[in-house]
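# Coordinates only, no sequence provided:
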């Protein structure tokens, strides 16, 4: 075990952490706009990635097309979740959509298990045999691609939120739903579009996870959900830069702990990291003044 | 007949888990730590009867007490955040406990076999009931005696001043605080009580299945636990019981003839149920109507 291997482990984790960051942003955005958590989000993202594999049954599509299709499928699934779990729920019963999205998580999980008979499926990757030598470091080409695409997704999301009319409406609804409605913002439409867009980015993130792991398996759903939620909390609910930094942090720590303590104990330390943040910085990394939820 | 007694045991343990979430939900908090609590109760009670040779009753009490202490210790940092962030914190706690038991070995020789928890293989030979000749019926009655005790205690709490304080915190924290309610004390005590009840449920579970492992206490179990009071409604403890019978009796056992399709239907039915009855199967209005029906017209106090 040398310092070089240690640095390499942290670096690989950092690259993979970008996918956690995208999933974390999805959780945070839906929470920021609706003040409710969509527990089925990570499941929908992976389901989008799965759905994109369907095209390979018909034509030999390049990996890039598969990634884009994953985004489209993720958006559609996000919309379905909005209609089934949020659209008709009374605002005064906050537990109902939470439970409904948990039901949705189980449903999506079961559909995937049914359709694939529980077997992991190989996922197409780009540049998976490219190895960049950077001094003494080795950079895996596929991980670099994952990192690049994830960063592009984040930039696009930030651009959408802060530079377009839709983003303005989304932020208005997040701040003051009633006031936004009085200004002529259609609440249902903005909410539905938020779900569509986060689902779209989620689907791409799901495809990135598939591409970097090499296979997709229903067993990935629960860990990715938990990691995504942890990223959201460490970054601070509703904070997009927080989710980005926290995603990279969790990815790096996860790989570091795996390197130091082995794969069975790895996640214990990730959970402890969350508790450290809860005790010392309950509002997240970029907590605003009043913080907390 | 033993099949139905076994099913009744499962219903009993799940009712305990549901009730342990019920008391936390009354204060308006979410908890998904129930699987972790049940795991602690199960391992502690199991180790006491198997390795230390205790009787089941003190072992269950000790497991329940140990769990409530852990719950109290976790509640302080976790309750610094509210609502959905608390849900995430408790998920992390539950997973950390599960992974702890996944890596936990403590075996001793007893006669010519080794007993005790062994990491991923789990904890075999928790044979207090068979060794002492309890029949399935007796075990079932014992489980339900525990459930009845806990339900009666919670029902009584609901009607006392303590219950009013719990609900006041759940309805509006600021209002409760302004009439002098100590929020932290209320939430931490609710979490401690929740740990005690879930620990008891875990201890009972360990003894009737005789074999526990980390995979029994996943987030899935915690999800079930939180589903019961939400689906049943928070108006009374009987809502939780009704939801346990609906989910475990009807959705899990009753639909078994559907084979693999049952699991698909399961999630869809939960989504449907929440759309039709967002405040639970037994919400306040239904509970009042039932009460009027039972006490006769004009008989309600």
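That came through fine. Keep in mind that what you see is a predicted model, and the values were worked out from it rather than measured.
# switch to C-alpha atoms for all contacts and neighbour counts from now on
OK.
# so what strands line up beside the lowest-mean-pLDDT helix or strand in chain A?
The least trusted helix or strand in chain A, going by mean pLDDT, DSSP states H and E, turns out to be strand A:131-134, with a mean of 71. Strand A:131-134 has these partner strands in its sheet, going by DSSP bridges: strand A:137-140 (antiparallel).
# Downstream of the strand it pairs with, the next helix or strand is which one?
Downstream of strand A:137-140, the next assigned helix or strand under DSSP states H and E is helix A:141-163.
# So which elements touch that next one?
Contact here means 3 or more Cα pairs under 8 Å, 6 or more residues apart in numbering or on different chains; DSSP states H and E; on that basis helix A:141-163 packs against helix A:3-34, helix A:165-175, helix A:187-213.
# Isn't residue B:262 up against residue B:250?
No: contact criterion Cα atoms under 8 Å: residue B:262 and residue B:250 do not qualify, at 10.7 Å.
# Run a quick neighbour tally on residue A:116.
By the criterion of other Cα atoms under 10 Å in any protein chain shown, residue A:116 has 14 neighbours.
# Just the pLDDT for it.
Here, the pLDDT recorded for residue A:116 equals 86.
# so how far is chain B from it?
Remark: distance between residue A:116 and chain B (Cα to the nearest Cα, to the nearest Å) = 13 Å.
# quick revisit: which residue of residue B:262 and residue B:250 possesses the greater neighbour count?
Remark: of residue B:262 and residue B:250, residue B:262 carries more neighbours, 17 against 13, as counted by other Cα under 10 Å.
# What separation is there between the more buried one and chain A?
Look at residue B:262 and chain A: by Cα to the nearest Cα, they are 10 Å apart.
# where's that residue, which helix or strand?
Counting by DSSP H and E, residue B:262 is found in helix B:261-276.
# List the buried residues for the helix or strand just after that helix?
Per DSSP H and E, helix B:261-276 leads on to helix B:284-295 as the next helix or strand towards the C-terminus. Under the neighbour-count criterion of 16 or more other Cα atoms under 10 Å in any protein chain shown, helix B:284-295 has residue B:287 buried.
# Any residue of helix B:284-295 touching chain A?
No: using Cα under 8 Å from any Cα of the partner chain, helix B:284-295 never reaches chain A; the gap is at least 12.8 Å.
# ok, now stretch B:160-175?
No: using Cα under 8 Å from any Cα, stretch B:160-175 stays clear of chain A, with a minimum separation of 11.1 Å.
# And the contacts of that stretch?
Residues outside stretch B:160-175 that contact it (Cα atoms under 8 Å, 6 or more residues apart in numbering or on different chains): B:25-29, B:157-158, B:176-177, B:181, B:183, B:186, B:190.
# one more time with 7 Å
B:26-28, B:157-158, B:176, B:186 (Cα atoms under 7 Å, 6 or more residues apart in numbering or on different chains).
# Please list which of the residues you listed are also close to chain A.
Of the residues in these, proximity to chain A by Cα under 7 Å from any Cα of the partner chain holds for none.
# In those residues, find the pair that's most separated.
Of all pairs drawn from the contacts of stretch B:160-175, the greatest distance, 17.8 Å, lies between B:157 and B:176 (Cα to Cα).
# what about those two, which has more around it?
For residue B:157 versus residue B:176, the count of surrounding residues by other Cα under 10 Å is larger for residue B:176: 18 against 15.
# Residue B:107: neighbour count?
Residues contacting residue B:107 under the criterion other Cα under 10 Å number 15.
# do the same with residue B:3
Around residue B:3 sit 9 other residues, with neighbours defined as other Cα under 10 Å.
# cool, the one 10 residues further on as well?
Neighbour count for residue B:13, taken as other Cα under 10 Å: 25.
# Can you spell out which helices and strands pack onto the stretch of helix or strand it belongs to?
When elements are assigned from DSSP H and E, residue B:13 belongs to helix B:2-26. Applying 3 or more Cα pairs under 7 Å, 6 or more residues apart in numbering or on different chains; DSSP states H and E, one finds that helix B:2-26 makes contact with helix B:136-159, helix B:161-171, helix B:183-209, helix B:219-232, helix B:237-244.
# Sketch out the low-pLDDT regions of the stretch 51-200 of chain A for me.
Along the stretch 51-200 of chain A, the parts satisfying pLDDT under 70 run over A:127-130, A:135-136.
# residues in it within reach of chain B, list them.
So the stretch 51-200 of chain A meets chain B at A:85, A:88-89, A:93, A:95-96, A:99-100, A:103-104, A:106-107, A:110-111 (Cα under 7 Å from any Cα).
# hang on, residue A:93 packs against residue B:279?
Yes: assessed by Cα atoms under 7 Å, residue A:93 is found in contact with residue B:279 at 6.4 Å.
# Between the two, point out the one with more neighbours.
Taking other Cα under 10 Å, residue A:93 and residue B:279 do not tie; residue B:279 has more neighbours (25 against 12).
# what number of residues lie near the closest residue to that one other than its chain neighbours?
Nearest in space to residue B:279, with sequence neighbours left out and distances taken as Cα to Cα, 6 or more residues apart in numbering or on different chains, is residue B:233 at 5.8 Å. Applying other Cα under 10 Å, we find 26 other residues in the vicinity of residue B:233.
# and residue B:233, how far is that from chain A?
For residue B:233, the distance to chain A (Cα to the nearest Cα) stands at 10 Å.
# nearest spatial neighbour of residue B:36, skipping sequence neighbours?
Distances taken as Cα to Cα, 6+ apart place residue B:94 nearest to residue B:36, at 4.1 Å, with adjacent residues excluded.
# need the contact list for the one you found.
Contacts for residue B:94 (Cα under 7 Å, 6+ apart) come out as B:33, B:35-36.
# Same question for residue A:196.
Residue A:196 makes contact with A:75-76, A:78-79, according to Cα under 7 Å, 6+ apart.
# I'd like the list of those that fall within helices, please.
Among the contacts of residue A:196, the members falling in helices (DSSP state H) are A:75-76, A:78-79.
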